[in-house]
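Visitor: Quick one: sequence plus predicted model below, questions after.
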Amino acid sequence: MAQVIAFPRPFTQSSTPARPQARGLALYLQRIRYRHMLARDLLHAPDSALKDAGFSRAEVVHEIAKPFWQA
């Protein structure tokens, strides 16, 4: 049976944020959730699934290793 893996969507930014500080905090939280999802789902995915999505194992590991404040 085929395994279905949901791949992440790019970050979206609102064009009219309520406050710049709130937008910055929201972006940090979004990055934390994104990297947590990568670590949880994609790190354990088979190499064939990553290749189908256009990712390599090294790219996933590199993205997970970044601190949350870096894009």
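Guide: Looks like it came in fine. Numbers count the residues shown, from 1 in each chain.
Visitor: pLDDT weak spots in the protein?
Guide: 1-22, 68-69, 71 (pLDDT under 70).
Visitor: mind listing the helices in it by residue range?
Guide: 20-37, 47-53, 57-65 (DSSP state H).
Visitor: And L38, how close does it get to A45?
Guide: 10 Å (Cβ to Cβ, to the nearest Å). From N, CA and C alone the C-beta is placed, and that goes for glycine too.
Visitor: repeat for A65
Guide: Taking Cβ to Cβ, one finds A65 at 17 Å from A45.
Visitor: So between those two, which is more surrounded?
Guide: Remark: of A65 and A45, A45 carries more neighbours, 18 against 10, as counted by other Cβ atoms under 10 Å.
Visitor: L38 - how many residues pack around it?
Guide: Neighbours of L38 using other Cβ under 10 Å come to 19.
Visitor: what's the nearest residue to it if we skip its chain neighbours?
Guide: Ranked by Cβ to Cβ, 6 or more residues apart in numbering and with sequence neighbours excluded, the top spatial neighbour of L38 is I64, at 5.2 Å.
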